[in-house]
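# need a 3D model of the sequence below.
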Amino acid sequence: MIRSVKSIKPFASRSLSNARYTLPPFAGEPFKTYAPGTPERPLLEAALKETKSEVVEIPCIVNGKEIFTGDTQEQVMPSDHGHVLARFHKATPDIIQDAIRVSNEARQEWASIPFEHRAMVFKKAGDLVAGKYRPKIMAATMLGTGKTVWQAEIDAAVEVVDFLRINNKFAEGIYEGQPPLNSANTWNRLRYRELEGHVLAISPFNFCAIGANLCAAPALMGNTVLWKPASSSVLSNYVTYKIYEEAGLPPGVISFLPAAGKVAGEAINHPDFAGLHFTGSTAVFNSLWQQVGNNLGTYKSYPRIVGETGGKNFHLLHPSADVDHAVFNTVRAAFEYQGQKCSACSRMYVPKSLWSEVKSKLVDTIATLKVGQPDDFKSFMTAVIDGAAFKDHSGFIDRAKQSSECEIIAGGSYDNSKGYFVEPTVIVTSNPKYETMQEEIFGPVLTVYVYDDAEWDATLKLVDSTSPYGLTGGIFARDRRALVQAERELRNSCGNMYLNDKSTGAVVGEQPFGGGRASGTNDKAGSHLNLLRWVNAQTIKENTVPITGVSYPHMD
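Numbering: from 1, shown residues only. Reported below is the predicted structural model:
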């Protein structure tokens, strides 16, 4: 029986396009310098002044609706902890459950929107960050998370824009991936579906760009996301979310949920939980993974778990290293953003033949660094993020002062009377397994171990075995044989290896970022590899000619 036309579900529900589109060309976002006399400088100065003059009331946002719960927490300036920048309303368990419901309802429509339209939402968001909202998002990042001008520019402006633009091209490449062969009378194809459930994105305080990407990457691939920002970076993340709204992101695709970790974690217990996109501490990631494991029997599908955690990143100098180049790169890698980067250098290995020169240049260079307020454009460093971090960092310094195995040759002081300030500190240790050589500090503390030149081979093994992490590392040598050997021996020591360059500063589209061991799942943010985790591929084989029997030729 032929059904009437009215009984057939209209194709319009899938918004099909009778064309194959190619995304516009893209390039990495250019950096602005904010030097005196540049047009961007006064715009940023005005945005900083405005941001400091107000206290932003930040709601939860579910299905496009703002929810003011009354259970609030303040975000303060790390460099002036008496100055409140924002007051955010924390999500309740009921709000989390409502967000899950909304997410599941929104997913089918969002995933059915043609890819080019999903991509254009995030491209437009990137364009808004690059232009109209660049000063605003930078000011929120600088004041709210203690970043200098340059650190905010490379994060909240450039890296956010690059994620939002370049991920589109990575996704386009994924969708173009199709089976290379088709047998006679068949057509084989791959369909990249969204995951069958909600994704939970948990973002850290230290990079506005990470928060922007943790929720946007799964959403670009057709998923719906619950986004829990870190409590110490809610303001810049809220600015990001509002930009997504202005760019045309439909309600329900991403829910904005400032919340206590335990409350947000309830999203993992739901049967429709489909994925975790996480950046944060190894301990928290381990606990979340355990929580997922405890719920395996209740899930509709095996969840995708993507996490980038800690690092105990190294700089290793060979006797042939260029000393000036190595020292300047180490100062930047160890002390930019107060050492609060997952990739920050916190352990350094120096041959005895170079130590006298390295020590002198290291101490002299650190003495020139200005530690001040983030809106002072001459500051190289500002304050660490909060009181807990301050206590942790100062504890490492105090124990080093008391240890017979350590000598502090730079810094060593700290003061939290106004802001959470810790001086850039260098510890020299005679024990290559001293705690600050092994444990992640996530602060402006660098520990140096001086090795005998003849022990280069053994030092390579020491670097590899000292820490449980495997995120980034830099090797400095003029001798090509040394670089080849280090690249071979340290192949599992880091996910991002830098030859004659610092351990920090991965660029989207240039150095995909992530590490293994205790540093995470190494799914490489800033590449197609991360986006592949957010699709569920389906193979479709279509036959065009009916078969005429069941026997095979050998049966004749």
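# tell me the spacing between Ser394 and Tyr420.
Counting by C-beta to C-beta, to the nearest Å, the gap from Ser394 to Tyr420 is 10 Å. All C-beta spots, glycine's among them, are computed from the backbone N, C-alpha and C.
# neighbour count winner among these two?
Tyr420 (29 against 21; other C-beta atoms under 10 Å).
# pretty sure that one sits against Met381.
No - judged on C-beta atoms under 8 Å, Tyr420 makes no contact with Met381 at a distance of 11.7 Å.
# quick check: phi and psi at Ala537.
Main-chain torsions, Ala537, degrees, to the nearest 10: phi -70, psi 140.
# ditto for Arg347
Per-residue torsions, Arg347: phi -140, psi 140 (degrees, to the nearest 10).
# repeat that for Trp456.
Per degrees, to the nearest 10, the backbone of Trp456 is at phi -60, psi -50.
# my guess is it meets Leu316, correct?
No - in this structure, Trp456 is not within contact of Leu316 by C-beta under 8 Å, at 9.4 Å.
# of the two, who's got more company?
Leu316 (26 against 19).
# list of residues touching the helix or strand where that one lies?
Taking DSSP states H and E as the definition, one finds Leu316 inside strand 313-317. Contacts to strand 313-317, defined as C-beta atoms under 8 Å, 6 or more residues apart in numbering, come from residues 326, 329-330, 333, 343-351, 354, 358, 459-460, 463, 469, 471-477, 486, 490, 493-494, 502-504.
# equivalent analysis for stretch 101-109, please.
By C-beta under 8 Å, 6+ apart, the surrounding residues in contact with stretch 101-109 are 62-63, 194, 197-198, 222-226, 250-253, 255, 272.
# again, only this time at 6 Å
62-63, 198, 224, 252-253, 272 (C-beta atoms under 6 Å, 6 or more residues apart in numbering).
# may I ask which of those has the most neighbours?
Neighbour tally across the contacts of stretch 101-109 (other C-beta under 10 Å): the maximum, 30 neighbours, falls on Thr224.
# that one: what's it in contact with?
Taking C-beta under 6 Å, 6+ apart as the test, what Thr224 contacts is 103, 106-107, 198, 253.
# circling back to that earlier point, possible to save the contacts of stretch 101-109 as TSV with secondary structure and distance to Arg134?
Formatted as TSV, those follow (DSSP: H, G, I helix; E, B strand; the rest coil; distance: C-beta to C-beta, whole Å):
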residue	secondary structure	distance to Arg134
Val62	strand	28
Asn63	coil	29
His198	strand	31
Thr224	coil	28
Gly252	coil	28
Val253	coil	24
Asp272	coil	37
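# so which of those residues comes closest to Arg399?
His198 (43.3 Å; C-beta to C-beta).
# phi, psi for the nearest residue to that closest one once chain neighbours are set aside please.
Once flanking residues are discounted, His198 sits nearest to Ser103: 4.2 Å by C-beta to C-beta, 6 or more residues apart in numbering. Torsion angles at Ser103 (phi, psi; degrees, to the nearest 10) stand at phi -60, psi -40.
# equivalent analysis for Thr38, please.
Recorded main-chain torsions at Thr38 are phi -80, psi 150, according to degrees, to the nearest 10.
# just confirm Ile137 contacts Val239, I think it does.
Yes - at 5.0 Å, Ile137 and Val239 qualify as touching, with contact defined as C-beta atoms under 6 Å.
# ok, those two, which is more surrounded?
Taking other C-beta under 10 Å, Ile137 and Val239 do not tie; Ile137 has more neighbours (27 against 24).
# may I have the strand holding Leu316 as CSV, with CA atoms only?
Presented in CSV, the C-alpha positions along strand 313-317 are these (Å, rounded to 0.1, in the frame of the first residue of the first chain):
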residue,chain,number,x,y,z
ASN,A,313,57.5,19.4,33.0
PHE,A,314,61.2,19.5,32.4
HIS,A,315,63.9,21.5,30.6
LEU,A,316,67.0,19.4,30.0
LEU,A,317,70.2,21.1,28.9
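# could I get the average pLDDT for the very next helix or strand once past it?
Going down the chain from strand 313-317, the next helix or strand is helix 323-335, by DSSP H and E. If you average the pLDDT over helix 323-335, you get 98.
# name the surrounding residues that touch helix 323-335.
315, 317, 345, 348, 354, 357-358, 361-362, 365, 381, 424, 444, 446, 476, 502-504.
# got a ChimeraX select line for the buried ones in these?
Buried subset of the contacts of helix 323-335, written as a ChimeraX selection, criterion 16 or more other C-beta atoms under 10 Å:
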select :315,317,345,348,354,358,361,362,365,381,424,444,446,476,502,503,504
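# thinking again about what came up before, could you count how many residues lie near the residue nearest to His198?
The tally of other residues near Ser103 (other C-beta under 10 Å) stands at 28.
# could you export the helix or strand of the chain with the lowest mean pLDDT as PDB, CA atoms only?
Confidence across the helices and strands of the chain bottoms out at helix 261-264, with a mean of 93, counting by mean pLDDT, DSSP states H and E. What follows is helix 261-264, C-alpha atoms only, in PDB (Å, rounded to 0.1, in the frame of the first residue of the first chain):
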ATOM      1  CA  GLY A 261      31.900  19.700  42.100                       C
ATOM      2  CA  LYS A 262      29.800  17.100  43.900                       C
ATOM      3  CA  VAL A 263      26.600  18.700  42.500                       C
ATOM      4  CA  ALA A 264      27.800  18.900  38.900                       C
END
